[in-house]
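>>> Need coordinates for the below:
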Amino acid sequence: MRILKNSALLIGIGAVAGGVFGLVAGDWAANLKFVGDMFIRLIQMSIVPLVMASVIVATGGMTGKGTGSLMARTFGWILGFSVVSAVLAWGLSVAFRPGQGMRFDGELDPSLAEQAGEAAGWQDTLLNFVSTNIVEAMATANMVPIIVFSLIFGLALQIYVRNTGNRLVLQVADQVQSIVLTMIRLVMHLAPIGVFCLLANLTGTVGFSVVTSALAYLGTTAAGVIIMTLVMVAVTWAVTRLNPALLPAKLGEQTLVAVTTTSSAVTFPTVLRNTVEKVGVSQRVASFTLSVGMTMGSCGAVLNYTIVVMFLAQAGGIELSFGEIALGMILSILLNIGTITVPGGFPVVGMFLATSLGLPFEAVGLLIAVDWFTGILRTFLNVNGDTFVTMLVAHPTGDIDREVYAGRKTVRTEEIDLSELEDEFRRADELE
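Residues are numbered from 1 along each chain as shown. So this is what the prediction gives:
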């Protein structure tokens, strides 16, 4: 049956059924907690090898594709909007406190709260980015030193490959990444059962506030997406002076595809066609910037992941220091600029962020349960944000045909070989 092949639908059904069961069963539902914890641990055990392999492959396999100012403008706008998204997400999370209704004070390791409350100096914070023993960092899942080590290893590997032409180590790392990703896919077959047990335990022990917390989380994310979209429209208008009133008709088709598929990869051909034929961006700029933006310009994901960090901290009653908040933002941005790629979808991303910052894992199940809805919001901003970035990149060199934008001229998109973008498509879907 087709329904049995739709993992998102099955997880949604498991979440709803678990929530209802927990409300009916009450405290007894806590007996199911160990099953949900087992599901979480199965994901956790894959994070360290997956992150190491992903970072090494991403940095070790980098090439010099793209040239000069075009690449600089693309990355500049992507990074700028990513920073704004992260800061906006932090501000909204402080204002609305979506995780406040959840409480795990009795279950959370007290050392985590004590550690989070300590305000280390910026020198100590930076010093802790580097471990004196990478094996120990791996054993304790201390993610930031692992990422730093992997980045340096990947850069050294890139130099080695360039000098010798020997790609054996890079190929091994790529194969490790693929194998661990297969492990995660196997684990995700258990997601409906795991989410059922997690939500049953949450609603049985915490009560109806689980529902209100989920709505607050979704509402905060939606507010961020709306505000960020308006910011991007305003910046694009201020720079290009193109009439923003024409944008809804130009972005309508790709928006519909994005929200119904929740996939930037599936939406890419539509976005490319619309950007060239309706917006008037030259195909040279559109092809490069949109393909980069598909995996690196995910402002919707940056916004959502920063809210996740704040939600988990609030759910555990943890007051994050300024340095920890900044680290959460940096990790959320790095997850989406092509350096740190964590395949496997939101469950792995949620566990990665919780592990990196010492936040409680219990509430991750609730976030997984509603991730289909946040996926719609993320993809909406990711896809349309890529178009805005492309317009901004194209403007300084006159690569926007204003006659096409105004609807007074017609152009056709040249045929492109989508098979050349298979890796980018795969990574885009993994991030969403």
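>>> separation between Ala156 and Glu136?
Ala156 is 21 Å from Glu136, where distance means Cβ to Cβ, to the nearest Å. Placement of C-beta: from N, CA and C, glycine included.
>>> swap in Thr260?
46 Å.
>>> where exactly do the helices run in the stretch 1-150 of the chain?
7-25, 33-60, 68-96, 110-117, 122-127, 134-139, 143-164 (DSSP state H, counting those that start in this stretch).
>>> Indicate which one of the ones you listed is closest to Asn382.
Proximity to Asn382 (Cβ to Cβ) singles out helix 68-96 among the helices of the stretch 1-150 of the chain, at 10.4 Å.
>>> Now that closest one: buried residues?
Neighbour-count burial for helix 68-96 flags 70-71, 73-75, 77-78, 81-82, 84-86, 88-90, 92-93, 96 (criterion: 16 or more other Cβ atoms under 10 Å).
>>> Counting by contacts, list what that helix packs against.
Using 3 or more Cβ pairs under 8 Å, 6 or more residues apart in numbering; DSSP states H and E, the elements in contact with helix 68-96 are helix 209-240, helix 283-296, helix 299-315, helix 322-334, helix 371-394.
>>> where does that helix sit relative to the chain's centre, distance-wise?
How far helix 68-96 lies from its chain's middle: 13 Å, per Cα atoms, centre = their mean, to the nearest Å.
>>> Low-confidence regions, the stretch 201-350 of the chain specifically.
206, 208-209, 261, 266, 295, 297, 337-345 (pLDDT under 70).
>>> Out of the helices of the stretch 1-150 of the chain, flag the one nearest Ile368.
helix 7-25 (6.8 Å).
>>> buried residues in that closest one?
For helix 7-25, by 16+ other Cβ under 10 Å, it's 10-12, 14-15, 18-19, 21-23, 25.
>>> Adding pLDDT and distance to Val235, write those out as TSV.
Rendered in TSV, the data for those read as follows (pLDDT from 0 to 100; distance: Cβ to Cβ, whole Å):
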residue	pLDDT	distance to Val235
Leu10	80	40
Ile11	76	36
Gly12	75	35
Gly14	84	41
Ala15	80	37
Gly18	87	42
Gly19	83	40
Phe21	91	47
Gly22	88	44
Leu23	85	45
Ala25	87	50
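>>> Reformat these as TSV; add distance to Ala286.
Listed next are the buried residues of helix 7-25 as TSV, based on distance: Cβ to Cβ, whole Å:
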residue	distance to Ala286
Leu10	37
Ile11	35
Gly12	35
Gly14	40
Ala15	39
Gly18	44
Gly19	44
Phe21	49
Gly22	49
Leu23	50
Ala25	54
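>>> Phe196 is in what secondary structure piece?
Following DSSP states H and E, one finds Phe196 within helix 191-205.
>>> Go ahead and measure how far that helix is from the middle of the chain.
23 Å.
>>> again, but for stretch 182-195
For stretch 182-195, the distance to the chain centre is 19 Å (Cα atoms, centre = their mean).
>>> between the buried residues of helix 7-25, which is closest to Thr212?
Gly19 (12.0 Å).
>>> my guess is the closest one meets Val211, correct?
Yes - under the criterion of Cβ atoms under 8 Å, Gly19 makes contact with Val211 at 7.1 Å.
>>> Need the overlap of contacts for these two.
Shared contacts of Gly19 and Val211 (Cβ atoms under 8 Å, 6 or more residues apart in numbering): Thr203.
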